[in-house]
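J.: Please find the sequence and the predicted model below.
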Amino acid sequence: MSLSSHVEELKRKHQNLSDSVETLQRSPATDDLEIARLKKQKLMIKEEISRLSSH
């Protein structure tokens, strides 16, 4: 897998997590721990994208 395709895949995962967080936040039975876990994953992916993009 090339670097650019890896970064694109990470961006897709980040967007999917964003969509999931948004959906959960609109749900009446919101699981705060699940939202926090997803946000942490999002942040880790964003940091990885930044690290890879700076090379």
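T.: Arrived safely. Numbering: from 1, shown residues only.
J.: just for this protein, where's the confidence low?
T.: The model of the chain has no residue with pLDDT under 70.
J.: Can you show me the strands along it?
T.: With DSSP state E as the criterion, the chain has no strands.
J.: which helix is the longest one in this structure?
T.: helix 3-26 (DSSP state H).
J.: buried set for it?
T.: Neighbour-count burial for helix 3-26 flags 10, 14, 17, 20, 21 (criterion: 16 or more other Cβ atoms under 10 Å). C-beta: built from backbone N, CA, C; applies to glycine.
J.: so which pair among these is furthest apart in space?
T.: Maximum pairwise distance among those (Cβ to Cβ): 16.3 Å, between 10 and 21.
J.: wait, which of the buried residues of helix 3-26 is closest to residue 49?
T.: Of the buried residues of helix 3-26, the one sitting nearest to residue 49 (Cβ to Cβ) turns out to be residue 10, at 5.0 Å.
J.: what's the residue of the chain most remote from its centre sitting at in phi/psi?
T.: Seen from the C-alpha centroid of the chain, the residue lying at the greatest distance (Cα atoms, centre = their mean) is residue 28, 22.2 Å away. The phi and psi values for residue 28, taken as degrees, to the nearest 10, are phi -70, psi -30.
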